[in-house]
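below: sequence and its predicted model.
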Amino acid sequence: MREPICHLDRVRLPVAGSSPVIDWQVRRGDVWLIDGSVGSGKSTLIKLLAGLIRPAAGRVSIFGSDLHRLAQRKLLHLREKIGVIFERDGLIASWTVGENLLLPLRYRGTIDDPGLLAQRIETELTAMGEARTLLSQRVSHLTGRQRRRIALLRILLLQPELVLMDELPLYLNAEDSDTEAVLARLTESGRTLIACAPSSWARHFPFHPPRIAQLEIDRFCIAADRLRAGEVANQVAVQ
């Protein structure tokens, strides 16, 4: 059986008002979509899983470590295994695309072979449907679609074991012909993906059917089985 990467034990989110109790386990290689109404706490859940905030109650374990008990240095090391994409792309508008892509790699000290890295960046850029000349352009000159693709590429370059996405539909257009290919890249090599998105996005994962969780202000529900394209989730309350 695949090892658990995330384990939420009787967790309540740190939100105004009440929060449902969340008992949830995510295993290595899983793909999860988190559905829910606006204001239900989906973004807060992503921040919690990234180790950026603490729960109001309960225990959160990521990669087998209790986030409450980790020293700051160990927490920073743990976060290097996680790639987080928030609603805002996090790019520095006055910098070039190349500079933005290299920033997190330099911060982590993972640039061992600049030449090999440059080849990889160009390959990934082409796979995203963008020309290599984009690397020298300032982010402020990019279209919204290009900015979103660069933000996704920056995460892929970090090669995280776990990818957390807040508002997947902001970064990918369901009508684009390459959407399934990009999602396949995000989940390749057994990478775990947790993304906030309506359950209808399940049809865009033909090679790796996701599981669905529904988060509302009064309940947390999960689908009984993996949701395949075209199927309707049979949601079971697990409060």
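Okay, I see it. The model shown is predicted, which means the values in this text are computed figures rather than measured ones.

check the protein and tell me which residue is nearest its centre.
The chain has residue 164 as the residue nearest its centroid, 1.9 Å off, counting by C-alpha atoms, centre = their mean.

for that one, what are its contacts?
46, 49, 50, 82, 83, 84, 85, 194, 195 (C-beta atoms under 8 Å, 6 or more residues apart in numbering). Yep, even glycine has a C-beta here, placed from its N, CA and C like the rest.

quick one: secondary structure of it?
strand (DSSP: H, G, I helix; E, B strand; the rest coil).

partner residues bridging residue 35?
residue 214 (DSSP bridges).

surely it and residue 197 touch.
Yes. Residue 35 is within contact range of residue 197, at 7.0 Å (criterion: C-beta atoms under 8 Å).

re the thing from before, mind giving me the PyMOL command for buried ones among the contacts of residue 164?
PyMOL command restricting those to the buried ones, with burial defined by 16 or more other C-beta atoms under 10 Å:
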select buried, resi 46+49+50+82+83+84+85+194+195
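
go through the contacts of residue 164 and say which is closest to residue 28.
For the contacts of residue 164, the closest approach to residue 28 (C-beta to C-beta) belongs to residue 194, at 12.2 Å.

where does pLDDT dip in this structure?
Residues of the chain that meet the criterion pLDDT under 70 lie in 1, 110-113, 224-239.

mind listing the strands for it?
4-12, 22-27, 31-35, 57-62, 65-66, 82-85, 162-165, 192-196, 211-216, 219-223, 235-237 (DSSP state E).

by how many degrees do the third one and strand 192-196 diverge?
This points to strand 31-35. Counting by axes from the mean of the first three to the mean of the last three C-alpha atoms, to 10 degrees, strand 31-35 lies at 10 degrees to strand 192-196.

what helices or strands is strand 31-35 leaning on?
helix 42-49, strand 192-196, strand 211-216 (3 or more C-beta pairs under 8 Å, 6 or more residues apart in numbering; DSSP states H and E).
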